[in-house]
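>>> only geometry, no sequence info:
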């Protein structure tokens, strides 16, 4: 019993530095999405993460570096999971694409989904952060769809496509823009009656009719 009590991995004093950094990034993600990047101070993040006021400065030299960590925290995991799913998938390529879209929708409808709008809103003010996102995450997201396209073409489930990379962009961008629209203009459009179910159903119907042989 004494041996069991001596190992307490949940104690704040025994947390690894990377765990602390991740906790701070998660707290910052929620504040950035709900309040906005400019309106959130590092002191606010420290309070939300239940750490001392100066602790975020030990892990992130400035707010931009914290922004990058927020992007990694929000998007890195879902992208890795989607890549693993493609590696394991054993069904039809249409079903694989559908699973990718379902995964994007789950991400988009989660609190972390607001990071897409945040990145676009702040790209002009923080170009280094925008480049970081494009290099490390946007390209990886497009490549997931490109892999699904190549798979479908090789299995003759999709028609031949000359420019797979551009087609992947065409598949990804409507999803991203719908996410941004939902969190920006849609709440203020009195004529809007479009539900997420309607959008995703129409989107899948449209792309599959274009991809089938």
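That came in fine, so what should we check first? The structure displayed is predicted, hence computed values, not measured ones. Residues are numbered from 1 along each chain as shown.

>>> can we go C-alpha only for contacts and neighbour counts from here?
OK.

>>> can you give me the helices in this protein?
For the chain, the helices defined by DSSP state H occupy 2-6, 17-35, 42-48, 55-59, 63-71, 77-88, 93-108, 114-122, 127-133, 139-154, 164-183, 196-211.

>>> can I get those helices in TSV with mean pLDDT?
As requested, the helices of the chain are arranged in TSV below (pLDDT from 0 to 100):
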stretch	mean pLDDT
helix 2-6	44
helix 17-35	86
helix 42-48	91
helix 55-59	89
helix 63-71	93
helix 77-88	96
helix 93-108	97
helix 114-122	92
helix 127-133	94
helix 139-154	97
helix 164-183	96
helix 196-211	97
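
>>> against residue 112, how distant is the spatially most central residue of the chain?
Centroid check for the chain by CA atoms, centre = their mean gives residue 75 as the closest residue, at 3.3 Å. Relative to residue 112, residue 75 is positioned 8 Å away (CA to CA, to the nearest Å).

>>> cool, and residue 197?
For residue 197 relative to residue 112 (CA to CA), the value is 20 Å.

>>> neighbour count winner among those two?
residue 112 (19 against 9; other CA atoms under 10 Å).

>>> contacts for stretch 21-38, please.
Contact with stretch 21-38 is made by 39-40, 45-46, 48-49, 56, 59, 66, 69-70, 73-74, 111-112, 114-115, 118, 122, as judged by CA atoms under 8 Å, 6 or more residues apart in numbering.

>>> go again with 6 Å.
45, 48, 49, 69, 70, 114 (CA atoms under 6 Å, 6 or more residues apart in numbering).

>>> out of those residues, who's the most crowded?
Busiest of these [other CA under 10 Å] is residue 45, holding 25 neighbours.

>>> and which of the contacts of stretch 21-38 is nearest to residue 145?
Using CA to CA, residue 114 is the member of these that sits closest to residue 145, with 21.2 Å.

>>> how many residues are close by the closest residue to the closest one other than its chain neighbours?
If the residues on either side of it in the chain are set aside, residue 114 comes closest to residue 33, at 5.6 Å by CA to CA, 6 or more residues apart in numbering. A count of nearby residues for residue 33, using other CA under 10 Å, gives 19.

>>> which residue sits closest to residue 104, ignoring its sequence neighbours?
residue 175 is the one closest to residue 104 (CA to CA, 6+ apart), at 7.9 Å.

>>> is it true that residue 43 touches residue 51?
No: Residue 43 is beyond contact range of residue 51, at 9.5 Å (criterion: CA atoms under 6 Å).

>>> sorry, back to before: could you list every residue that touches the residue nearest to the centre of the chain?
Contacts of residue 75 (CA under 6 Å, 6+ apart): none.

>>> tell me the pLDDT at it?
pLDDT recorded at residue 75 is 95.

>>> nearest spatial neighbour of residue 39, chain-adjacent residues omitted?
With CA to CA, 6+ apart, the residue lying closest to residue 39 is residue 32, at 8.0 Å.

>>> repeat that for residue 63.
residue 42 (7.2 Å).

>>> next, count neighbours for the one you found.
Using other CA under 10 Å, residue 42 is surrounded by 19 other residues.

>>> do the same with residue 44
Burial measure for residue 44: 15 neighbouring residues, criterion other CA under 10 Å.

>>> distance of it relative to residue 63?
Noted for residue 44: a distance of 12 Å to residue 63, by CA to CA.
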